[in-house]
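[1] my questions concern the predicted model and sequence given below.
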Amino acid sequence: MALGSRPLCSQLAGLQPHTFRNSPHKFISSIRGSIASEVKIKVHNLWKKGSNGEKILEGISFDVRQGGVHALIGPSGSGKSTVLRALNRLWEPPPSSIFLNGQDVTVMDAISLRRRVGMLFQTSHLFPGTVADNVKYGPSLIGKQLSTNEIENLLSLAGFPDLDPQFLDKSVNELSGGEAQRVALARALANKPEVLLLDEPTSSLDPVSTRSVENTVMQLVQSGDLTVVIVSHSLEQIGRLAGDATVLYQGSLLETGPFSELSKEACNCRTHDRSGCDGSCNGS
Ligand SMILES: Nc1ncnc2c1ncn2[C@@H]1O[C@H](COP(=O)(O)OP(=O)(O)OP(=O)(O)O)[C@@H](O)[C@H]1O
C-alpha cells in the first residue's frame, strides 16, 4: 500500500544514532551498518483464518535478514504475535509460507526447529525449581548436561555479569520480574538458537531491567550469528534495537524495510488506538 511522505521513524522517536554515543547502546549504529543482506527467514504470502473463517493474516510477505534485529510493529490485534508464532510453528503455518535458511519450516521436525528458533515471551514462564534447573533444561532434553561453569556463562551472557554462585540454587519463585526474564533468556540461549523471537520481552520490566535485556540482546546480535525478531509496542525500544521493521494493520502488511525509512503513517500505526492509522489505511 502506498503511503505518503516518509519522515524517518527515528526522527519521530528522537532516536538518531548520535543519541547513543557514549551510551550503552553506542554500538547499535555499527550493527545496523553491518547487517548482511542474506535472508535468514523468508515469510511468503502467509495467510491465517480464524475458526469462523475470519481473516487473521492476509498474504503477509517479508524477509528477515541474517544477523540483525527485525521488528514487527502494528496496533493491538494487527497480527504481530500470530506472525511471530508462525516462525517456529507455535501455530502451524501453511506449507511454503515460512522458510528458514531457504528451507520450508513445515517439513522440519518441530522440536528441532524450536531449538534453532527460540522464543522469549512477555512473561518468563519459568518451570518450578531453581535457576540452574531452568537453564540446563533444554540441553538435557538432548542428553547434554551443562556444567556449573556453562550455566554461569549463560547467565552472564543473559545479563548477570557479577554472578553470585549461590544464585544458581535460588528458587525461581524468589526472582524479581527482571531477573526472571533474564533467566528465561539464559534458558533460551542454552539451546544455542540461530534466531530468537521476542514477544514484548520487556513490557513487564522496569527501565533498568529493560535496558539490561536490550543490551544483552544487542551484544548477542553483535557478537555472533544470532538473528532477532521482536514484537514491541515501544517505538523507542524498536528505535534502539531494530535495523528493519514490518508494519502490520488488521492482518495486512503496510510496509516493510529499514526502520529508519518507514513512513510517518506506518509508524503511527503502532499505537493501540489506531487513530494514526485510519487516514492512511483508508487511503485518505
Ligand atoms: N486462533 C485464533 N482464532 C481466532 N482468532 C485469533 C486466533 N489467533 C489470533 N486471533 C485473532 O487475530 C488477531 C491478531 O492477534 P495477535 O495476537 O496476533 O495480534 P497482536 O498484533 O499481536 O496484538 P497485541 O499487540 O494486542 O498482542 C486478533 O484479533 C486475535 O484475536
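    Looks like it came in fine. Remember, predicted model here, so these are calculated numbers, not experimental data.
[2] going forward, measure contacts between C-alpha atoms and count neighbours the same way
    Will do.
[3] can you name the element that comes right after whichever helix in the chain runs longest?
    Longest among the helix segments of the chain by residue count, using DSSP state H, is helix 207-223. For helix 207-223, the succeeding helix or strand toward the C-terminus, using DSSP states H and E, is strand 227-231.
[4] quick one: the longest helix of the chain to strand 227-231, angle?
    Counting by axes from the mean of the first three to the mean of the last three C-alpha atoms, to 10 degrees, helix 207-223 points 150 degrees away from the direction of strand 227-231.
[5] near the ligand, which residues of the stretch 51-200 of the chain show up?
    Within the stretch 51-200 of the chain, the positions adjacent to the ligand are 51, 56, 75, 76, 77, 78, 79, 80, 81, 82 by C-alpha under 6 Å from any ligand atom.
[6] residue 154 touches residue 182, doesn't it?
    No: the pair residue 154 and residue 182 does not pass the contact test of C-alpha atoms under 8 Å, sitting 10.0 Å apart.
[7] more neighbours: these two, which one.
    The neighbour comparison of residue 154 against residue 182 (other C-alpha atoms under 10 Å) goes to residue 182, with 26 against 22.
[8] right, and the more buried one touches residue 159 too?
    Yes: between residue 182 and residue 159 there is a contact under C-alpha under 8 Å: 6.4 Å.
[9] which residues do the two both contact?
    The contact sets of residue 182 and residue 159 overlap at residue 213 (C-alpha atoms under 8 Å, 6 or more residues apart in numbering).
[10] leaving out chain neighbours, which residue sits closest to residue 95?
    Among residues not flanking residue 95 along the chain, residue 106 sits closest, at 5.8 Å (C-alpha to C-alpha, 6 or more residues apart in numbering).
[11] so what's the residue count around the one you found?
    Neighbours of residue 106 using other C-alpha under 10 Å come to 20.
[12] can you tell me how far it sits from the ligand?
    Distance from residue 106 to the ligand, counting by C-alpha to the nearest ligand atom, to the nearest Å: 18 Å.
[13] swap in residue 96?
    20 Å.
[14] packing partners of the longest helix of the chain?
    helix 177-189 (3 or more C-alpha pairs under 8 Å, 6 or more residues apart in numbering; DSSP states H and E).
[15] what's the spacing between residue 70 and residue 148?
    Distance, residue 70 to residue 148, using C-alpha to C-alpha, to the nearest Å: 33 Å.
[16] higher neighbour count, the two?
    For residue 70 and residue 148, the more surrounded residue by other C-alpha under 10 Å is residue 70, and the numbers stand at 27 against 13.
[17] who touches the more buried one in this structure?
    Contacts of residue 70 (C-alpha under 8 Å, 6+ apart): 64, 228, 229, 230, 242, 243, 244, 245, 246.
[18] what do you get for residue 38?
    65, 66.
[19] what do you get for residue 206?
    The contact partners of residue 206, taken as C-alpha under 8 Å, 6+ apart, are residue 178.
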